[in-house]
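# Turn this into a structure:
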Amino acid sequence: MTDFLQQKRAEIAKRLEELRPLLDEYQRLEAAAAALEQVGAASAPATRATGRRGPGRPPGRRAGAQSKTAAPAGARRTAGSRRPGRQRGTGTRALQTLALVQEAPQGITIPELAAKMGIRQNYLYRVLPALQKEGKVRKRGKAWLPAAA
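Predicted coordinates:
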């Protein structure tokens, strides 16, 4: 019995020696993680306290502030004036979307349309309501149908 106990003690001692470096590494990593948590927690409030902005409005702009070039409140744009920015498209995607909706009288969803057109869905979330406003399509649940159907 004593041989058995000595053998098991030796096996346990050997295994403990094998595991010691791993335990030391674990403790070092645990201490490093705790230190990083404190660094992150300490810097987050300081960032907010300095008034730094995240992505969004440019520096110096407040919510609701008008730009120097903006028309006064209540003023209307003249027929020839357009807001600056991206030019309007030719409506090719809208026509393509309308054709696909008309090909599917049972209805078609935005993900299905996007897959058939090879474009991202977010574009269609602007195009289809515009077509609906023009009376060319209608919506039933998640499906878009031709207006006449």
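# how about low-confidence regions in this protein?
40-89, 149 (pLDDT under 70).
# and it, what are its domains?
Domain ranges of the chain: 1-49, 92-146, per automatic domain parsing.
# who touches Leu36 in this structure?
Counting by C-beta atoms under 8 Å, 6 or more residues apart in numbering, Leu36 touches no other residue. (Glycine included, C-beta is placed from N, CA and C.)
# picking that back up, just name the most buried of the domains of the chain.
Highest mean neighbour count among the domains of the chain (mean count of other C-beta atoms under 10 Å): domain 92-146, with a mean of 15.
# where along this structure do the strands fall?
For the chain, the strands defined by DSSP state E occupy 137-140, 143-146.
# The first one - contacts with which helices or strands?
Just to be clear, that refers to strand 137-140. Counting contacts by 3 or more C-beta pairs under 8 Å, 6 or more residues apart in numbering; DSSP states H and E, strand 137-140 packs against helix 121-133, strand 143-146.
# Now tabulate these in CSV and tack on distance to Glu25.
Output for the helices and strands packed on strand 137-140, formatted as CSV (distance: least, C-beta to C-beta, whole Å):
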stretch, distance to Glu25
helix 121-133, 46
strand 143-146, 57
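# Go through the ones you listed and name the closest to Ala104.
Nearest to Ala104 among the helices and strands packed on strand 137-140 is strand 143-146; the distance by C-beta to C-beta comes to 7.9 Å.
# which residues touch the closest one?
With contact meaning C-beta under 8 Å, 6+ apart, strand 143-146 is reached by 101-102, 104-110, 113, 128, 132, 136-139.
# and Val101, what does it touch?
Val101 neighbours (C-beta under 8 Å, 6+ apart): 108, 113, 131, 137, 144-146.
# separation between it and Arg140?
Distance from Val101 to Arg140, counting by C-beta to C-beta, to the nearest Å: 12 Å.
# could you pull out the helices for the chain?
Taking DSSP state H to define them, one finds helices in the chain at 2-49, 92-103, 110-117, 121-133.
# first to last residue in stretch 128-141, what's the distance?
Stretch 128-141 has an end-to-end distance of 14 Å (C-alpha to C-alpha, to the nearest Å).
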